[in-house]
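*Asks:* Sequence isn't available, so here's the structure alone:
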């Protein structure tokens, strides 16, 4: 491979966890060089002052987005909060491809975006057509795209489990009981995320109101060619840093569901379906990787089935999937920079 | 109070967590003295050698059950594993009241017991009539009883949330997604309970097969005067020591459900129902106490409701409830020995 | 006891951890009623909105300090940060007794205070004579005092271990390697205290510069009637919420050291010295209590000895000791409100 | 690189953590293929049944050591407990190179081995001359060796910090206060390693008696050409899975110490010395990597210095260092299979 062919990447919002994780993973990517890391309040520091684990391996100066020479940038990873993300992305020159990890371009319906995120979208026409980057489902469509919206962490796990079966289950039966590690809440300073308040206990949050529910519904309805599927989505904050598990309670035939999932994911590199009777998948088994593991269990109540999926929220649920999306946008092997990741256990 | 009136208690199986917790709580009970602690392999040691936190406050020599002078014992707390528990309880003299924390006398149907726990019951007639000690529901009936079966930890939280509403919800809609700390698995030595394998991740277990499901169904059916209610029960092992949270997904009217729960628990000392719109209950808020907190949330899908309950699995889910049951068997104030417990936070 | 004789207490700074813990413990005190809780940014809320674990048991409205009717207050617990604490305490009317948990009145030398805490002391003459409330050492002297300075959490554990032996060890040999749970850092919002950054790892901090070192030295020098004792003090942040352990490396005779500690703490209710050869004391064994456990070990190197002490930083290291100090100021049994606390294990 | 040139490796004792970690790391090594994994009680299973995180990436059938065709094996990694390790290694055919991760060949003096580990050594002559595989110190000497003893995890961190300075500090001053995650205790089943008993607290262990102390002393004495250096070594069990931190308290000149460490580790790929004034090194910053970070701090007491080193106990403290040693035995680049490891944070 020719070094000259490497893409030059900017990571927008590198002082958060998804930004740092993107920088970390790019350091192992053979065809991309991270050349800029942006931050606002931390501009002027080295990234390794904020994240010492990056020292040596993947260090960069943090600069303000305004100070980036965009003419030198081929691709930008948007690791900013929703709102802030579109504000910057809409100002970037056309030649900069964008992989956006925020929520800003996930919802096709700008009114739903406004209702869900509490502000008008800057570019309703663009968000209506942006590709939703769940590679196992939209992979082929990403080739050549200039802006891809990465799914939220919960939607990633939920949709990988539900999209293959939404047409063979009772669509009104979907209950997603979700559990996430605290890193999913980002690096923002809130009492509830302090160690002393997030360790040794758990609670639900956003019951009936979490913003990832409309995103999950959008994709399920698209897949089922309907518009009326609603899901119960109840997330819980778990005293662990990384990892996400969704427990999907549905009505359907357990054998059909197992078969549909196994068929769908017979080949792709990152998603695997466990054989019937397997021990339940564990977030520890995918920690640090771009993998998703799915298992299907018959319930004791007839025609109820439990489908469980686990991911690392910062990799497959965020930065890893973003890189997988870039690979597909560029028509590269989708595993570039990701195939060497091994689960860290114990 | 006359010291001579104190009951003399034996704790059977004091070398497990529920045994140690019972000894600890009895040390603060004004009308009970723990005078014997039994154990098998650890007999001959002081309890404080096994559990140093009991040194000074609540120490006892551990003796074999065969070596206890039962003539001196008024009440026995059964903290043994199922099976082992009935084997000993059935040999105790008649004058010894028993509060059994094991599963042995929870199921009225001995055939269901045999199917669920893999062995025949020693005394099917007795188990058919033993009182199920969920004090907020069976409290009045416990007066004068000589054997009471304490509910399992999951059934305690689940039933406190569901019994008041089972007759106003769709009884075929009950999905209980449960989460427990690792102490719920007891002190038995298994790789999965090692810190290195239980920290920083989570998984479901016993999906569709957990032994607490038939127990929950028994009580819901009794309450609803039916026999066909089945529940989906999916427990998860959470990286925390104490605490249990059940997320109950049901179909019904949210206002009716809130009202029924609030009415039922307007008075009792330990169970409280949060006002509508409250932050979700957290296991940390009941840690170390005999309390249960319940909250009700409307789901985004019409007529679906989420009811969440939290307890400390070792107190309200086990040893604390056992003492509450003893208080009721003796016609004492049900809060004796329990009212001073304060939640330890952070 | 006459209800009219109850002291009325105000807790200054109730929205931090030591404030909340003081309110919690006072709820179990037979001779004190907490009647006011002050806070600045959170004034107007109920305390239970900030700390739901206090709901029911120990709730109070949070008010600004300016809005407290001090004529009705007998005693104030100062749970504010250093600096802020003296600013308020110096304005209180004379009839209000004060137990200050901050660092403001711990150092007798106002110049050392200024150097250590970066600001001039408002009342150098007062701090020069305020009693240092380590009850096992200054207990008798506290009777009738109107202002007592509670020791820091690290000094509490360190001094309980070292004061009885400072005159029989090489005073130039003292190395204190200390470990604290994250609650010791308080409720302030810093990235390093987020669960995601404080779990699953550890680091030292304040190496060679921690503010508790001069406090430890002051008391050791007073006890040894010297002025030149210096200590190495190296604290570490441990991924747990509560608990503090100090490992003191000294030169001396192990038998003399064991004997001196055992003699000193033969009687007091809260401090115990383990017999030689005991398993090492564990912070879990004192969690939630006002206890301190100390153990002595011979090192493999001749004449080196390791003395280990454990406390709960929020109880004996802070709020519990404050209440113990109040008891002594009032000539009450020093265990009032504290004797019923039991260690929560597991 | 020619596939035919790959070494064929057997991992002895693959059902423990160091065994699994060795298999995991070998999966990323370009010149080694793991072809056999041995286990005793678990023989007959797939390794991925024991360690699901290895599924796909690095799976092997577990076989008894007796059933391995040694003629096909080039190198064996000994991941067995001490004692068991030499019992097997001494039976291997001569052509099998051995990298032993156990303690069996670390001590040159077989009498000291017997005293420390409680059994006679099978091959005192061999252990007297086996190379001690601390690559940054014995690297050049490992070329062509057929048996290398990997240092213990604590000695690795301690010696990397102390070997460069032992000749410029007071050799009688060395106090090592060490902290390890629970994975350092291995996968053996003990109550103290259960999550419920290892979370949310800490304690010291093996005070004055830990087996790693003689190993550290052996190497320090060799380096200083003395025989009388003794060290205080006090390890603590920390509620985290991976990671090890040693806090070394020494007497010497801080600038000399900083300079000596910086000079020694100016070049090697894995060990780095932080600049003066850096935030203290954190185990999280090396998690999952073969790195060691060292920092030097002046103490407040004159001529006392604190040197802190952090490693991942399962990588640099065990399996990673073993692979680094193999690379050196084979005259390969010592970073093969290890250079791509990135610290997982948060």
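*Replies:* Here it is on my side, so go on. Treat the numbers as computed from the prediction; the structure is a model and nothing was measured.
*Asks:* Just give the number of residues close to the nearest residue to residue A:110 once chain neighbours are set aside.
*Replies:* Once flanking residues are discounted, residue A:110 sits nearest to residue A:124: 3.4 Å by Cβ to Cβ, 6 or more residues apart in numbering or on different chains. Every residue, glycine included, has its C-beta placed from N, CA and C. Using other Cβ atoms under 10 Å in any protein chain shown, residue A:124 has 14 neighbouring residues.
*Asks:* ok, now the one 5 residues further on?
*Replies:* By the measure other Cβ under 10 Å, the count of residues near residue A:129 is 9.
*Asks:* For it, give its distance to residue C:135.
*Replies:* 72 Å (Cβ to Cβ, to the nearest Å).
*Asks:* same question, residue A:170
*Replies:* Taken as Cβ to Cβ, the span from residue A:170 to residue C:135 is 66 Å.
*Asks:* These two - which one has more neighbours?
*Replies:* When neighbours are counted by other Cβ under 10 Å, residue A:170 and residue C:135 differ, and residue C:135 comes out ahead with 25 against 11.
*Asks:* Touching, the more buried one and residue C:335? I think so.
*Replies:* No. Using Cβ atoms under 8 Å, residue C:135 is not in contact with residue C:335; the gap is 10.3 Å.
*Asks:* Report the set of residues contacting both of those two.
*Replies:* residue C:324 (Cβ atoms under 8 Å, 6 or more residues apart in numbering or on different chains).
*Asks:* How about the residues of chain A by chain D?
*Replies:* A:17, A:20, A:24, A:27-28, A:51-58, A:183, A:199-200, A:241-242, A:272, A:279, A:281-282, A:284-288, A:314, A:340, A:342-346 (Cβ under 8 Å from any Cβ of the partner chain).
*Asks:* Of the residues you listed, keep whichever come out buried.
*Replies:* By neighbour count, with 16 or more other Cβ atoms under 10 Å in any protein chain shown, these hold A:17, A:20, A:24, A:27-28, A:51-55, A:57-58, A:183, A:199-200, A:241-242, A:272, A:281-282, A:284-288, A:314, A:342-346 as buried.
*Asks:* Keep only those of the residues you listed that are also close to chain C.
*Replies:* Answer for these near chain C (Cβ under 8 Å from any Cβ): A:17, A:183, A:199, A:200, A:241.
*Asks:* Among these, which pair sits farthest apart?
*Replies:* A:17 and A:200 (21.9 Å; Cβ to Cβ).
*Asks:* For residue A:53, grab phi and psi.
*Replies:* Note on residue A:53: backbone dihedrals following degrees, to the nearest 10 are phi -70, psi -20.
*Asks:* what does residue A:248 give?
*Replies:* Dihedral pair for residue A:248: phi -100, psi 120, per degrees, to the nearest 10.
*Asks:* Can you report how many residues neighbour residue A:190?
*Replies:* By other Cβ under 10 Å, the residues close to residue A:190 number 12.
*Asks:* from memory it sits against residue C:189, does it?
*Replies:* Yes. Look at residue A:190 against residue C:189 with Cβ under 8 Å: they come within range, at 7.4 Å.
*Asks:* Low-confidence ranges, chain A, go.
*Replies:* A:1-4 (pLDDT under 70).
*Asks:* any idea how far the residue lying closest to residue A:93 once chain neighbours are set aside is from chain C?
*Replies:* Spatial nearest neighbour of residue A:93, excluding adjacent residues (Cβ to Cβ, 6+ apart): residue A:70 at 5.2 Å. From residue A:70 across to chain C, the span is 29 Å (Cβ to the nearest Cβ, to the nearest Å).
*Asks:* Same question for residue A:28.
*Replies:* 22 Å.
*Asks:* Next, that residue: secondary structure please.
*Replies:* Recorded secondary structure, residue A:28: coil (DSSP: H, G, I helix; E, B strand; the rest coil).
*Asks:* Pull the contacting residues for it.
*Replies:* Under the criterion of Cβ under 8 Å, 6+ apart, the contact partners of residue A:28 comprise A:337, A:340, D:340, D:342.
*Asks:* Save the residues you listed as CSV, and put in secondary structure and distance to residue C:221 too.
*Replies:* Shown next, in CSV, are these (DSSP: H, G, I helix; E, B strand; the rest coil; distance: Cβ to Cβ, whole Å):
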residue, secondary structure, distance to residue C:221
A:337, coil, 60
A:340, coil, 58
D:340, coil, 54
D:342, coil, 49
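*Asks:* what number of residues lie near the residue nearest to residue A:198 when sequence neighbours are not counted?
*Replies:* Setting aside the residues directly before and after it, residue A:198 is nearest to residue C:195 in space (Cβ to Cβ, 6+ apart), at 3.8 Å. Residue C:195 has 26 neighbours, counted by other Cβ under 10 Å.
*Asks:* pretty sure residue C:195 contacts residue A:193?
*Replies:* Yes. At 5.8 Å, residue C:195 counts as touching residue A:193 under the criterion of Cβ under 8 Å.
*Asks:* Touching both of these two, which residues are there?
*Replies:* Joint contacts of residue C:195 and residue A:193 (Cβ under 8 Å, 6+ apart) are residue A:182.
*Asks:* So residue A:293: helix, strand or coil?
*Replies:* strand.
*Asks:* what ranges do the strands span in chain A?
*Replies:* Secondary structure of chain A (DSSP state E): strands at A:7-12, A:32-38, A:62-63, A:75-78, A:97-100, A:131-132, A:147-149, A:175-180, A:203-204, A:232-237, A:244-251, A:271-273, A:292-298, A:304-311.
*Asks:* The fifth one pairs with which strands, parallel or anti?
*Replies:* Sheet partners assigned to strand A:97-100 using DSSP bridges are listed as strand A:75-78 (parallel), strand A:147-149 (parallel).
*Asks:* Quick check: which of these is nearest to residue D:93?
*Replies:* Closest among the strands paired with strand A:97-100, once you apply Cβ to Cβ, is strand A:75-78, at 52.8 Å.
*Asks:* Can you name the residues that contact the residue of chain A most remote from its centre?
*Replies:* Using Cα atoms, centre = their mean, the residue of chain A lying farthest from its centre is residue A:302. It sits 33.5 Å away. By Cβ under 8 Å, 6+ apart, the contact list for residue A:302 reads residue B:230.
*Asks:* residues in contact with the residue of the stretch 201-346 of chain A at minimum distance from chain C?
*Replies:* For the stretch 201-346 of chain A, the residue closest to chain C is residue A:241, as judged by Cβ to the nearest Cβ, at 4.7 Å. By Cβ under 8 Å, 6+ apart, the residues touching residue A:241 are A:181, A:182, A:183, B:200, C:195, C:196, C:199, C:200, D:346.
*Asks:* What separation is there between residue A:207 and chain B?
*Replies:* 4 Å.
*Asks:* so what's that residue closest to, chain neighbours aside?
*Replies:* residue B:297 (4.1 Å).
*Asks:* and if you look at residue A:29?
*Replies:* Closest to residue A:29 by Cβ to Cβ, 6+ apart is residue A:337, at 3.2 Å.
*Asks:* Let me see the contact set for the closest residue to residue A:107 other than its chain neighbours.
*Replies:* Leaving aside its sequence neighbours, residue A:107 sits nearest to residue A:113 (Cβ to Cβ, 6+ apart; 4.5 Å). Neighbour list for residue A:113: A:104, A:107, A:121, A:127 [criterion: Cβ under 8 Å, 6+ apart].
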